[in-house]
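Chemist: let me see the structure of the following:
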Amino acid sequence: MDEFIKQLDPNLDYISHEIKDGKCYITVTSNRKEVTCPFCGWPSSRIHSTYNRTFQDLPIQGNKVFIIIRNRKFFCDNSDCNHTTFAERFDFISYKAKKTRRLEDEIVRLSINCSSITASKILKENVVDIGKSTVCNLLKKKETPVIDKKTITAVCIDDFAIKKRRSYGTIMVDIFTHQILDMIDSRDYETVCEWLKSYPNLRIISRDGSVTYNNAITGAHPEALQISDRFHLLKNLTSYVTEYLKKRLKPQVSIQSVSQEIKEVETIKQANENRKLTLKEKYEKIKQLSLEGRCKTEICRSLNMDIRAYDKLIAMTPEEREKLFQTKNMIIHEEKVKQKMERINEVRELKRIGLSNIEISRRTGLDRKTVRRYLDENFNPVHASYGKKRNGKLTPYIKTIDEYLERGMMGSYIVEKIHEMGYDGSSSTVRHYMTDWKKRRKKYYDRSREDGTKTEIIKRENIFKLLYHPIEKVKIISEKQFEMICKEYPFFEKIYKITWEFKDMLTNKNIEAFDKWIERAKNLNIPEINSFINGVERDMEAVRNAIKYEYSNGLVEGCINKLKVIKRIMYGRCSFETLKTKILQLEKMRLFN
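Modeler: Here you go, the predicted model:
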């Protein structure tokens, strides 16, 4: 124990210790013969008095440690000093502190990774007795790490919300080390400009298209290379293009049918077959498909089943599942079978004691034939018609109606035809069936134009995916469908080409093609694209640099996401200075990335 105390401070001597209720109390004393007055620096060896000072230190073997030091007060012999006496001080603990410096460092290290409330709960378990407010106070007292601003030459800057739609700050990230360097609680021109001036050797600054940042950088470092963020350029272009297409394309885009008709019919047939399955039959199919190695999405698609219904069914216990499979009719049927079996057992018991069939019939009120059937060992209490669906009047004509609907005939004509074939039921029954049939097939139902050309529908949102992903990665649209879209909507083909030309230019760093692209985009004379070009021309040099150089603002976007996580963890107990301290401490400890 004495060696442990010497590690804390060589000037301490161990006296005794006691372990009680998970707490270790260690008593120590100072062995210094002479101490220095903290107020005037004059040495002194005359003791005025002693007192016990208690403080906490790092735990030992899961026990919280309380150190009791017999602290001494000394006389100051310097007549010029304004203090007559002073208390002995030590390097391992601050003046009047209740925790050692190394314990405070451990508290801060833990609390910068979580909220003060969570940190307090964890620390209370086996480290130190501490409240959430004390954790916050220690964080606030922690000094912000100092960086050498003269060594910083290339950075990314971007804004982030301190309080959304009310106040914003600016964050700076080093392009080469990927570390957060600094933060300020403003994005105004004057503040950002002064802030950037404090970094005298900045040569490269990556940013988004903000006019304020552009002006601030120009004001602080006119010679610095400004680089516009490629992500924001692409995002702005696709947003403008999407806005234009929404005006020209309907939510459901009709094109000439290029899909295979056989495949559609098979899909419809499969969907109809799946609707006939009971929940129990679907569960059996799920087990079968799972054994074949199918994933959840494939199983749900093949059974026309909602993925939430699948999750609910799989999560159930066998007893819950069996209860779910029972319909109301099944429960009623089981109750009737149970009652019938009680009657059968009654008849068989009477026969066992030696009564004749006639006497059993007289006592139970059952017909003698019924008594005879009940006495048969092979008698089945389940009704012979149970589980069999009775055919309705429309059943014999279902196939004919389906064929007429496939051929696109009118409902009134179909009703007339099946009446001629001998149907004597209600016309409304036929109409209800045809309505349900069309609802079931709405997704696949063939549409035709006035010239008889078959068409199909593609959702506009799926067409927009072509602006973000290559055609081979948009699986919902085939190449033939893409060609048909371009053929029937020529303006989309122009938009598609101009968008992908810009993307390729950024990817391949083809700065020579930039001016020609601007000219081609202007020639389209589309207001939305013209708005994008106007923005590019206002920041032309930075956009050219974005095409020419590899630097990106993606670093700062990722750091802002992490910053938001920390900010939300600290919600309700967070000032900007505390947030800044926490983030920069994390960067210093290299736990952030």
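Chemist: tell me which stretches of the stretch 401-550 of the chain form strands.
Modeler: 447-448, 454-459 (DSSP state E, counting those that start in this stretch).
Chemist: least confident of those, on average?
Modeler: Per-segment mean pLDDT for the strands of the stretch 401-550 of the chain reaches its minimum on strand 447-448, at a mean of 54.
Chemist: can you tell which of the strands of the stretch 401-550 of the chain is closest to residue 5?
Modeler: strand 454-459 (74.3 Å; Cβ to Cβ). C-beta here means a position set from N, CA and C on the backbone, and glycine is covered the same way.
Chemist: show me what the closest one is packed against.
Modeler: Strand 454-459 sits against strand 252-256, strand 447-448, helix 479-488, with contacts defined as 3 or more Cβ pairs under 8 Å, 6 or more residues apart in numbering; DSSP states H and E.
Chemist: average pLDDT across the helix or strand where residue 58 lies?
Modeler: Per DSSP states H and E, residue 58 falls inside strand 47-60. For strand 47-60, the mean pLDDT works out to 92.
Chemist: any chance of JSON lines for the strands of the stretch 401-550 of the chain, columns distance to residue 283 and mean neighbour count?
Modeler: Formatted as JSON lines, those follow (distance: least, Cβ to Cβ, whole Å; neighbours: other Cβ atoms under 10 Å):
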{"stretch": "strand 447-448", "distance to residue 283": "36", "mean neighbour count": "11"}
{"stretch": "strand 454-459", "distance to residue 283": "32", "mean neighbour count": "16"}
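Chemist: out of those strands, which is closest to residue 46?
Modeler: strand 454-459 (91.1 Å).
Chemist: and the closest one, C-alpha only, in PDB?
Modeler: What follows is strand 454-459, C-alpha atoms only, in PDB (Å, rounded to 0.1, in the frame of the first residue of the first chain):
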ATOM      1  CA  LYS A 454     -50.600  -1.600 -75.400                       C
ATOM      2  CA  THR A 455     -49.000   0.500 -72.700                       C
ATOM      3  CA  GLU A 456     -47.500   0.100 -69.300                       C
ATOM      4  CA  ILE A 457     -47.000   2.400 -66.300                       C
ATOM      5  CA  ILE A 458     -43.700   3.400 -64.800                       C
ATOM      6  CA  LYS A 459     -43.700   5.500 -61.600                       C
END
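Chemist: that strand pairs with which strands, parallel or anti?
Modeler: Partners of strand 454-459 in the sheet, by DSSP bridges, are strand 252-256 (antiparallel), strand 447-448 (antiparallel).
Chemist: between these, which gets the lowest average pLDDT?
Modeler: Among those, strand 447-448 scores lowest, at a mean of 54.
Chemist: ok, for residue 90, nearest residue in space, not its chain neighbours?
Modeler: Excluding the flanking residues, the one nearest residue 90 by Cβ to Cβ, 6 or more residues apart in numbering is residue 9, at 5.7 Å.
Chemist: ok, the one you found to residue 29 distance?
Modeler: Note on residue 9: its distance to residue 29, by Cβ to Cβ, to the nearest Å, is 11 Å.
Chemist: then residue 402?
Modeler: Noted for residue 402: a distance of 100 Å to residue 29, by Cβ to Cβ.
Chemist: burial measure for the nearest residue to residue 355 once chain neighbours are set aside, as a count.
Modeler: Nearest residue to residue 355 in three dimensions, chain neighbours excluded: residue 363, at 7.5 Å (Cβ to Cβ, 6+ apart). Taking other Cβ atoms under 10 Å as the criterion, the count of residues near residue 363 is 12.
Chemist: I'd assumed residue 363 was in a helix, is it?
Modeler: Yes: in this structure, residue 363 lies within a helix as judged by DSSP: H, G, I helix; E, B strand; the rest coil.
Chemist: any idea of the pLDDT on it?
Modeler: 88.
Chemist: and for residue 73?
Modeler: Value listed for residue 73 in the pLDDT field: 94.
Chemist: again with the one 3 residues further on
Modeler: As predicted, residue 76 sits at a pLDDT of 93.
Chemist: again with the one 5 residues further on
Modeler: Residue 81 is assigned 92 on the pLDDT scale.
Chemist: is it in contact with residue 42, as I believe?
Modeler: Yes: under the criterion of Cβ atoms under 8 Å, residue 81 makes contact with residue 42 at 6.3 Å.
Chemist: what's the end-to-end length of stretch 148-162?
Modeler: 26 Å (Cα to Cα, to the nearest Å).
Chemist: distance from it to the middle of the chain?
Modeler: 28 Å (Cα atoms, centre = their mean, to the nearest Å).
Chemist: also stretch 510-526?
Modeler: Taking Cα atoms, centre = their mean, one finds the center of stretch 510-526 at 38 Å from the center of the full chain.
Chemist: for it, which outside residues touch it?
Modeler: Residues from elsewhere that reach stretch 510-526, judged by Cβ atoms under 8 Å, 6 or more residues apart in numbering: 244, 494-495, 498, 501-502, 504-505, 529-530, 532-533, 536-537, 543-544, 547-548.
Chemist: of those residues, which count as buried by neighbour count?
Modeler: Among the contacts of stretch 510-526, the ones that count as buried by 16 or more other Cβ atoms under 10 Å are 244, 494-495, 498, 502, 505, 529, 532-533, 536, 543-544, 547.
Chemist: so which residues of the stretch 201-350 of the chain form helices?
Modeler: With DSSP state H, counting those that start in this stretch as the criterion, the stretch 201-350 of the chain has helices at 211-220, 230-248, 261-276, 279-291, 296-302, 307-315, 318-325, 328-352.
Chemist: quick one, which of those gets closest to residue 182.
Modeler: When the helices of the stretch 201-350 of the chain are compared by Cβ to Cβ, helix 211-220 sits nearest residue 182, at 13.7 Å.
Chemist: what packs against the closest one?
Modeler: Identification of packing neighbours for helix 211-220 by 3+ Cβ pairs under 8 Å, 6+ apart yields helix 189-197, strand 204-207, strand 225-228.
Chemist: measure how it sits relative to helix 189-197, angle-wise.
Modeler: Relative orientation of helix 211-220 versus helix 189-197 (axes from the mean of the first three to the mean of the last three Cα atoms, to 10 degrees): 50 degrees.
Chemist: buried stuff in helix 211-220?
Modeler: Per 16+ other Cβ under 10 Å, helix 211-220 contains these buried residues: 213, 214, 216, 217, 220.
Chemist: what of stretch 237-246?
Modeler: Within stretch 237-246, judged by 16+ other Cβ under 10 Å, the buried ones are 237, 238, 240, 241, 242, 244, 245.
Chemist: could the C-alpha coordinates of it be exported in PDB?
Modeler: Extracted C-alpha coordinates of stretch 237-246, given in PDB (Å, rounded to 0.1, in the frame of the first residue of the first chain):
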ATOM      1  CA  LEU A 237     -28.100  20.100 -60.300                       C
ATOM      2  CA  THR A 238     -30.200  17.000 -59.700                       C
ATOM      3  CA  SER A 239     -32.600  19.000 -57.500                       C
ATOM      4  CA  TYR A 240     -33.100  21.600 -60.300                       C
ATOM      5  CA  VAL A 241     -33.500  18.800 -62.900                       C
ATOM      6  CA  THR A 242     -36.000  16.900 -60.700                       C
ATOM      7  CA  GLU A 243     -38.000  20.100 -60.200                       C
ATOM      8  CA  TYR A 244     -38.200  20.500 -64.000                       C
ATOM      9  CA  LEU A 245     -39.200  16.900 -64.600                       C
ATOM     10  CA  LYS A 246     -42.000  17.100 -62.000                       C
END
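Chemist: noted, bye for now.
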